[in-house]
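**Q** below are the sequence and a predicted model for it; my questions follow.
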Amino acid sequence: SGAFVSEHSGSRCKTYDGVMEGRVRTLTAIIPTTDDGGQVHGGSEATQSRLEHWLVLSFRVVGLLSWEVPCCIGYKMTVRLLACIALASSLTEAASKHIDGFQNPICKAPTEVYSSDVGLVSDVVMAAGGLVTLVLLQRSGNQNCIDSVVRVLQGYAQQHDLTGTWVRAAAKDAAFMFSLFLAANAISFAGAMTSESIPASMCMSLHHMTFFTVSFMHMMLITFLLYVIRVLTVTVDMFCYRLVIDPSMDEAMQDWNVLQALLRRAAGSVELALIILLAMMAWLVAAFSLDYLRLGSSLSTFRLQLPWILMLCGVLRVFITAAGVTDKCARVPSLINSFFFGNGNDREQQHLVQFIVSSEAGFYISNVRVSMGMVMKFMYLWSVVLFAIVGKGLSKM
């Protein structure tokens with residue numbers, strides 16, 4: 001404890017959050033970090049190594065992870081600039097659609113010739129949410145910067161031979177998000193040939209370029225969040241497996257201590273991004289309603305908003321995965337209770353169970369433990385909104 005006090009002095013460390021953050025850093029400091037993306041052991045090593053390489057490379061391309069070159073900061077600023085341009089384009093389209101007399105400086109098209117596909121308020125909300133999430137994940141200069149956290153996660157996975165399982169799960173998440181991305185763009189591009197006037201066609205081309213940029217940004221952001229959260233699920237599974245193979249109570253307590261610190265640190269590195277995504281989903285309810293009031297046709301507007309609804313399925317997958325980490329942690333004590341570790345170990349077994357229960361491990365967002373019940377309630381809200389939208393459209397047919 002003396003070393004802890006000497007290493008973590010300051011006004012912030014005198015608060016609960018400061019003490020918890022210091023303790024998490026102390027426990028995760030014993031995990032060896034990797035600088036090369038980790039090595040995969042066991043199974044199809046060549047295939048898994050390629051998957052890991054391409055995943056990390058794709059995250060570096062969009063500026064979520066740093067390149068190992070001095071121009072890293074400039075590259076991240078370039079990615080942010082592209083996201084800002086996409087947001088500005090969405091704002092210009094919405095203003096041209098909803099503000100009388102406003103003319104798009106690029107298309108030079110008056111409001112009356114605009115295609116109905118252009119200028120949705122939901123486009124602006126998605127572009128703004130993606131930009132803010134990107135900036136928050138790219139932040140650096142503190143102990144919880146995403147690059148250092150990913151290196152710790154890779155080191156922990158390599159130390160416990162979890163990299164192969166992690167990479168396979170992350171590859172499935174990436175394939176799922178890529179499928180949503182393709183489906184969303186296919187629906188968005190489906191009405192590209194319906195524009196009759198040249199100005200509207202030019203605006204539609206700009207709109208689809210903007211949509212492609214924003215949807216690609218969301219695909220990569222969600223894939224990256226799933227990449228970070230997925231390893232936490234794997235670590236809880238491996239803890240249970242190792243306890244069955246080697247039922248050492250003292251070692252299990254230390255392993256669980258490190259594991260819950262890892263959960264806290266990983267969650268702390270992405271919690272602000274998750275809060276922004278959650279706020280974006282809440283604002284989209286209002287944006288969807290405003291679009292319906294402005295455009296009138298419910299089914300037609302639903303077709304325009306369907307691409308974003310598909311991308312929101314990826315956001316929902318992120319929160320379901322995060323809640324799954326908490327639920328797995330909550331079920332570990334009952335699993336340990338079901339084992340028999342031999343005569344004379346009952347007291348140690350119950351001590352371990354109480355230790356895990358008291359730790360309240362799980363995935364935390366701003367010190368609130370995310371559970372499947374919370375996610376289900378949010379799903380109910382969105383289900384009501386979608387049923388109201390579709391029902392209103394069918395009633396007008």
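**A** Great, that's in hand. Numbering: from 1, shown residues only.

**Q** look at residue 342 and tell me its secondary structure.
**A** Of the three states, residue 342 takes coil according to DSSP: H, G, I helix; E, B strand; the rest coil.

**Q** tell me which element the residue most central in space within the chain falls in.
**A** Taking C-alpha atoms, centre = their mean, the centroid of the chain lies closest to residue 225, which sits 3.2 Å from it. Assessed by DSSP states H and E, residue 225 sits inside helix 198-245.

**Q** what's the mean pLDDT across that helix?
**A** Helix 198-245 carries an average pLDDT of 85.

**Q** next, the angle helix 198-245 makes with whichever helix or strand comes after that helix.
**A** Later in the chain than helix 198-245, the nearest helix or strand by DSSP H and E is helix 249-295. Angle, helix 249-295 to helix 198-245, by axes from the mean of the first three to the mean of the last three C-alpha atoms, to 10 degrees: 160 degrees.

**Q** low-scoring stretches of the protein, by residue?
**A** For the chain, applying pLDDT under 70 flags the ranges 1-28, 30-45, 69-73, 97-118, 140-144, 191-203, 296-299, 344, 386, 389-397.

**Q** and with 50 instead?
**A** 1-8, 13, 36-43, 110-114, 141, 195-199 (pLDDT under 50).

**Q** residue ranges for the helices of it, please.
**A** In the chain, the helices defined using DSSP state H lie at 2-7, 16-28, 45-61, 72-98, 121-138, 146-159, 163-189, 198-245, 249-295, 298-337, 346-359, 372-395.

**Q** now these in TSV, with distance to residue 366?
**A** Placement of C-beta: from N, CA and C, glycine included. Shown next, in TSV, are the helices of the chain (distance: least, C-beta to C-beta, whole Å):
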stretch	distance to residue 366
helix 2-7	24
helix 16-28	10
helix 45-61	25
helix 72-98	24
helix 121-138	13
helix 146-159	17
helix 163-189	24
helix 198-245	16
helix 249-295	6
helix 298-337	13
helix 346-359	19
helix 372-395	13
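
**Q** most packed of those?
**A** Ranked by average neighbour count under the criterion mean count of other C-beta atoms under 10 Å, these are headed by helix 121-138 at a mean of 23.

**Q** just the CA trace of that one, in CSV.
**A** Backbone C-alpha positions of helix 121-138 (Å, rounded to 0.1, in the frame of the first residue of the first chain) are rendered in CSV as follows:
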residue,chain,number,x,y,z
VAL,A,121,-32.0,15.3,-40.1
SER,A,122,-31.0,11.7,-39.2
ASP,A,123,-28.0,12.1,-41.6
VAL,A,124,-26.7,15.0,-39.6
VAL,A,125,-27.1,13.1,-36.3
MET,A,126,-25.3,10.1,-37.6
ALA,A,127,-22.4,12.2,-39.1
ALA,A,128,-22.1,14.2,-35.8
GLY,A,129,-22.2,11.1,-33.7
GLY,A,130,-19.5,9.4,-35.8
LEU,A,131,-17.2,12.4,-35.7
VAL,A,132,-17.4,12.8,-31.9
THR,A,133,-16.9,9.1,-31.3
LEU,A,134,-13.9,9.1,-33.6
VAL,A,135,-12.3,12.1,-31.8
LEU,A,136,-12.9,10.5,-28.4
LEU,A,137,-11.3,7.2,-29.4
GLN,A,138,-8.3,8.9,-31.0
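
**Q** other SSEs contacting it?
**A** Other helices and strands packing on helix 121-138, by 3 or more C-beta pairs under 8 Å, 6 or more residues apart in numbering; DSSP states H and E, are helix 72-98, helix 198-245, helix 249-295, helix 298-337.

**Q** roughly how far does residue 324 sit from residue 291?
**A** 33 Å (C-beta to C-beta, to the nearest Å).

**Q** same check, this time on residue 119
**A** In terms of C-beta to C-beta, residue 119 sits 9 Å off from residue 291.

**Q** ok so, going back, quick one: distance of the helix holding residue 225 to the chain centre.
**A** Counting by C-alpha atoms, centre = their mean, to the nearest Å, helix 198-245 is centred 6 Å from the centre of its parent chain.

**Q** just want the angle from that helix to helix 121-138.
**A** 50 degrees.

**Q** can you give me the angle helix 198-245 makes with helix 72-98?
**A** Using the same axes, to 10 degrees: helix 198-245 against helix 72-98 is 130 degrees.

**Q** distance of residue 321 relative to residue 94?
**A** To residue 94, residue 321 is 32 Å away according to C-beta to C-beta.

**Q** could you do residue 178 as well?
**A** For residue 178, the distance to residue 94 equals 28 Å [C-beta to C-beta].

**Q** swap in residue 126?
**A** Note on residue 126: its distance to residue 94, by C-beta to C-beta, is 12 Å.
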